[in-house]
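Engineer: next one to model:
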Amino acid sequence: MATPLLSDIHRHVLPALPAEADVEHGEVFTRRWVVDLILDLLGYTADKDLCNATLVEPACGSGAFLVAVASRISASCRTHNRPLGEAATAVRALDLLDRNVQKSRAVVEKQLVDEGWQAKEARQVAVSWVEQGDYLLQPDADHRADYVVGNPPYIRLEDVPDNRMAAYRSACSTMGGRADIYIGFYEVALRSLNPDGRLGFICADRWMRNQYGRRLRQLVTSRFSMDLALIMHDVDAFAHQVSAYPAITLISNRPQGGAVAADTTRAFGSAQADDFADWYAEDSESITAPAFQAARMPHWFPDEDSWPAASPARLALLEELTERFRLLEDTQTGTRVGIGIATGADKVFLTDDDALVENDRLLPMAMVRDTTSGTLNWNGTYLVNPWTAAGDLVDLTAYPQLAAYFEEHGDVLRKRYVAVKQPQRWYKTIDKVDHRLTRRPKLLFPDMKLTIHPVLDEGALYPHHNLYFIVSDNWDMRVLGGLLLSKVAEAFVEAYAVKMRGGTLRFQAQYLRKIRVPDPAAISKSDRTALADAFDKRDVKAATEAALRVYGLAELPD
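Structural biologist: Numbers count the residues shown, from 1 in each chain. Okay, the predicted model is just below:
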């Protein structure tokens, strides 16, 4: 039932669009050598009989991709003794704007004529290839492709006219939140691929890491093979300068196989692109060249939460460790990552007055400032604790000092969202206190730090919500602390975490959970001792040397 509706939307939306000059279409035109690189990487080459393949370009603009495609199809026709007319259905290109349709037809026709074909047949092929339409709102049956190539539009979904935005959200399940519409182009293109079909886009790489790309990452990891991510942030890839942080991505409609992570420098241009394409085709080992570096990996990263960002060599290492080792948070070892208590009113619930209320209503709290030196140094902060050991709110009538204190601050406490929702429980903290946690040895991590900074609490304090913690049934916490103090553990967080100004990292639970660790029973006695000693001495170098041995690594690449 959905397809007729979308077709109907497509027929009626276009005439209702504002004047072309008034619409931001997100057009960014790609340089010819970049187009040729993408086609080479995909294997869309003239030695193949390209009349037997279907290539789709979803938003052809002024024809930057189509000129190169036309040249390759021309050469293919001559190589395989095919008349040009037999290529009339080999390409399908769309664009919203009639001016772009006309430009693209003209450049395709000119290219084919320049290649020696008759003007009439060149014009017929150009008209057959290029049509006006909205790629995201086409029936699925019109999309089937062996190759999808292009440079999808760079435009925020909320900048699209309301009627089309609603249609896009209906058509593309991955376009959640404040997505850029290129998310929809990826989704529709991937759905369109024939078995073993391939997508090659140059596009902003934000979707690989940010929240609005999560559904697209999930689609890719569950059904497709991420073959290549070639980062081109500093490369002059477009006709006009943009701040889109582009990357070339190749994705295939097949189970996940080997993958390549690559990065470029400002020196990457046409000649270096040829070198990269040759290296990629040869299936050779990882490479470091002046203009690019690249690493081959047996798989891409399986998690849709976020894909890591690091040098290709570092990404290859992390992927290898992901394959060989288990996650830090693990039921087999009883290891858990969590966050300290959020109160909703720290000015009321936190105190350094040890006589403020009844003694058993004061819970010693670990604060970020207590962890600064690397050894826990408690500064005397307490939680004014409304929770019993059983996890219930205390009866205030049994604690007159506590009752009087909370009533003194009743206006503040009752205005909180948690109190408005449950007015009879107006003096609760947002999170419950788990009294078992206080007594457990735990590693504490300040949320924001330049480097990883585990600090051991032997079992005396309860963590504040600016601290994350790790507890475990099997790990010796000093040994684990040494492992997590190392640059190997930090590499995981650095690759996944949001970086703040000045290079500060966020050591939140979601990033700590990305760390892979060995089985604690598999670590030799000498390495356990080395890790524990390094942790006690806050010796990052010694911790890293021991961690490299434990992980079976010779070095940690930059």
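Engineer: for the chain, what's the longest strand?
Structural biologist: strand 193-204 (DSSP state E).
Engineer: mind listing residues that contact that one?
Structural biologist: Under the contact criterion C-beta atoms under 8 Å, 6 or more residues apart in numbering, strand 193-204 has outside partners 30, 34, 38-39, 41-43, 54, 144-152, 154, 180, 182, 185-186, 189-190, 224, 227, 232, 237, 244-254. C-beta: built from backbone N, CA, C; applies to glycine.
Engineer: same check on stretch 509-528?
Structural biologist: In this structure, residues lying in contact with stretch 509-528 by C-beta under 8 Å, 6+ apart are 303, 305, 308, 321-322, 324-329, 333, 337-339, 445, 468, 470, 474-476, 479-480, 483-484, 489, 492-493, 495-497, 505, 531, 546, 549-551.
Engineer: can you flag the buried ones in these?
Structural biologist: In the contacts of stretch 509-528, burial by neighbour count holds for 303, 308, 321-322, 325, 328-329, 333, 337-339, 445, 468, 470, 475-476, 479-480, 483-484, 489, 492-493, 495-497, 505, 531, 546, 549-551, counting by 16 or more other C-beta atoms under 10 Å.
Engineer: of those, which belong to helices?
Structural biologist: Secondary structure from DSSP state H places 321-322, 479-480, 483-484, 489, 492-493, 495-496, 531, 546, 549-551 of the buried ones among the contacts of stretch 509-528 in helices.
Engineer: quick one: low-confidence ranges for the chain?
Structural biologist: In the predicted model, the chain carries pLDDT under 70 at residues 1-28, 140-142, 239-244, 498-499, 501.
Engineer: which residues touch T288?
Structural biologist: With contacts defined as C-beta under 8 Å, 6+ apart, the neighbours of T288 are A313.
Engineer: for it, name its beta-bridge partners.
Structural biologist: In this structure, T288 bridges to Q293 when assessed by DSSP bridges.
Engineer: so how far is E320 from it?
Structural biologist: In this structure, T288 lies at 17 Å from E320, with C-beta to C-beta, to the nearest Å as the measure.
Engineer: now do A509
Structural biologist: Relative to E320, A509 is positioned 24 Å away (criterion: C-beta to C-beta).
Engineer: same thing with C60?
Structural biologist: 40 Å.
Engineer: how about the helices in the stretch 351-500 of the chain?
Structural biologist: Listed in chain order, the helices found in the stretch 351-500 of the chain under DSSP state H, counting those that start in this stretch are 400-408, 410-415, 417-421, 435-439, 477-485, 487-496.
Engineer: which secondary structure elements does the longest one contact?
Structural biologist: When contacts are defined as 3 or more C-beta pairs under 8 Å, 6 or more residues apart in numbering; DSSP states H and E, helix 487-496 packs onto helix 312-324, helix 509-512, helix 540-551.
Engineer: now the ones you listed as JSON lines including distance to G391?
Structural biologist: Converted to JSON lines, the helices and strands packed on helix 487-496 look like this (distance: least, C-beta to C-beta, whole Å):
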{"stretch": "helix 312-324", "distance to G391": "36"}
{"stretch": "helix 509-512", "distance to G391": "21"}
{"stretch": "helix 540-551", "distance to G391": "37"}
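Engineer: E358 is nearest to which of those?
Structural biologist: For E358, the closest of the helices and strands packed on helix 487-496 is helix 509-512, at 32.7 Å, according to C-beta to C-beta.
Engineer: after that closest one comes which helix or strand?
Structural biologist: Per DSSP states H and E, the first helix or strand lying C-terminal to helix 509-512 is strand 516-517.
Engineer: can you give me the end-to-end distance of stretch 340-354?
Structural biologist: The distance separating the two terminal residues of stretch 340-354, taken as C-alpha to C-alpha, to the nearest Å, comes to 21 Å.
Engineer: I'd like the numbering to begin with 14 instead of 1 from here.
Structural biologist: Shifting the count to begin at 14 puts that one at stretch 353-367.
Engineer: in it, what counts as buried?
Structural biologist: Applying a neighbour-count criterion of 16+ other C-beta under 10 Å, the buried positions in stretch 353-367 are G353, I354, T356, G357, A358, D359, V361, F362, T364.
Engineer: follow-up on the earlier one: okay, the helices of the stretch 364-513 of the chain, which one's buried deepest?
Structural biologist: Taking mean count of other C-beta atoms under 10 Å as the contact definition, the stretch among these with the greatest mean neighbour count is helix 490-498, which reaches a mean of 26.
Engineer: how far off centre is that helix?
Structural biologist: Once both centres are worked out by C-alpha atoms, centre = their mean, to the nearest Å, helix 490-498 turns out to sit 28 Å from its chain's centre.
Engineer: got the phi and psi for the residue positioned nearest the centre of the chain?
Structural biologist: Taking C-alpha atoms, centre = their mean, the centroid of the chain lies closest to R222, which sits 1.9 Å from it. The phi/psi pair for R222 (degrees, to the nearest 10) reads phi -130, psi -30.
Engineer: of all the helices of the stretch 364-513 of the chain, which one is nearest V468?
Structural biologist: helix 490-498 (8.1 Å).
Engineer: give the other helices and strands that the closest one contacts.
Structural biologist: The helices and strands touching helix 490-498, judged by 3+ C-beta pairs under 8 Å, 6+ apart, are strand 455-459, strand 468-470, helix 538-550, helix 553-564.
Engineer: which residues are contacting that helix?
Structural biologist: Applying C-beta under 8 Å, 6+ apart, the external contacts of helix 490-498 come out as 454-456, 465, 467, 469, 483, 485, 502, 528, 530, 533, 536, 541, 543-549, 551, 553, 556, 559-560, 563.
Engineer: buried among these? Make that a ChimeraX selection.
Structural biologist: Remark: buried members of the contacts of helix 490-498, expressed as a ChimeraX selection using 16+ other C-beta under 10 Å:
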select :454,455,456,465,467,469,483,485,502,528,530,533,536,541,543,544,545,546,547,548,551,553,556,559,560,563
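Engineer: could I get the phi/psi values of the residue nearest to M461 when sequence neighbours are not counted?
Structural biologist: Closest residue to M461 apart from its sequence neighbours, by C-beta to C-beta, 6 or more residues apart in numbering: T517 at 5.2 Å. Its backbone dihedrals place T517 at phi -60, psi 140, with angles given as degrees, to the nearest 10.
Engineer: and D172, by the same measure?
Structural biologist: Phi and psi for D172, reported as degrees, to the nearest 10, are phi -90, psi 0.
Engineer: gap between it and G494?
Structural biologist: Using C-beta to C-beta, we find D172 at a distance of 48 Å from G494.
Engineer: same thing with W292?
Structural biologist: From W292 to G494 the distance is 42 Å (C-beta to C-beta).
Engineer: re the thing from before, quick check: the residue nearest to the centre of the chain touching W320?
Structural biologist: Yes: taking C-beta atoms under 8 Å as the definition, R222 is a contact partner of W320 at 6.1 Å.
Engineer: quick check: neighbours shared by the two?
Structural biologist: Common neighbours of R222 and W320 are not found (criterion: C-beta under 8 Å, 6+ apart).
Engineer: hmm, F548 is touching P467, no?
Structural biologist: Yes: counting by C-beta under 8 Å, F548 touches P467, with 7.4 Å between them.
Engineer: before we move on, back to that, which one of the helices of the stretch 364-513 of the chain lies closest to D276?
Structural biologist: Counting by C-beta to C-beta, D276 lies closest to helix 500-509 out of the helices of the stretch 364-513 of the chain; the figure is 13.0 Å.
Engineer: residues making contact with the closest one?
Structural biologist: Applying C-beta under 8 Å, 6+ apart, the set of residues contacting helix 500-509 is 319, 321-323, 327-328, 330-331, 334, 464-465, 496, 518, 520, 523-525, 527-530, 553, 557, 560-561, 564, 566, 569.
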